[in-house]
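A.B. asks: No sequence on hand, only this structure:
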């Protein structure tokens, strides 16, 4: 029984990665430029450039992806610790 659960959990990892990749790509492609959406067409180019720098929107797509998956991994670690690790640092039974 434990082996079956282990195999299912291992099989779940590529599925979760694929779903997160699909969501990231669809979000990056469909939203367009969020600064232009917020500022409109009349925004000054200097202000738009500053906002892009402040929020990291001027970085390439692979850098955004690295940040996205880093946040996902850290969130996953927090969830696992919350449900499976006791406050003393031992696995819950």
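C.D. replies: Sure, I can see it. All of these numbers come straight from a predicted model, not from anything done at the bench. Numbering: from 1, shown residues only.

A.B. asks: give the contact list for residue 31.
C.D. replies: The contact partners of residue 31, taken as Cβ atoms under 8 Å, 6 or more residues apart in numbering, are residue 37. (Glycine included, C-beta is placed from N, CA and C.)

A.B. asks: So for it, what pLDDT did the model give?
C.D. replies: Note for residue 31: predicted pLDDT of 71.

A.B. asks: With residue 93 instead?
C.D. replies: At residue 93, the pLDDT recorded in the model is 66.

A.B. asks: chain center to the helix ranked longest in the chain: distance?
C.D. replies: Scanning the chain for the longest helix, with DSSP state H as the assignment, gives helix 2-31. Remark: helix 2-31 is offset 12 Å from the chain centroid, using Cα atoms, centre = their mean, to the nearest Å.

A.B. asks: And that helix, what's buried?
C.D. replies: For helix 2-31, a neighbour-count test (16 or more other Cβ atoms under 10 Å) marks residue 24 as buried.

A.B. asks: quick one: low-confidence ranges for the chain?
C.D. replies: Where the chain drops to pLDDT under 70, the residues are 92-93.
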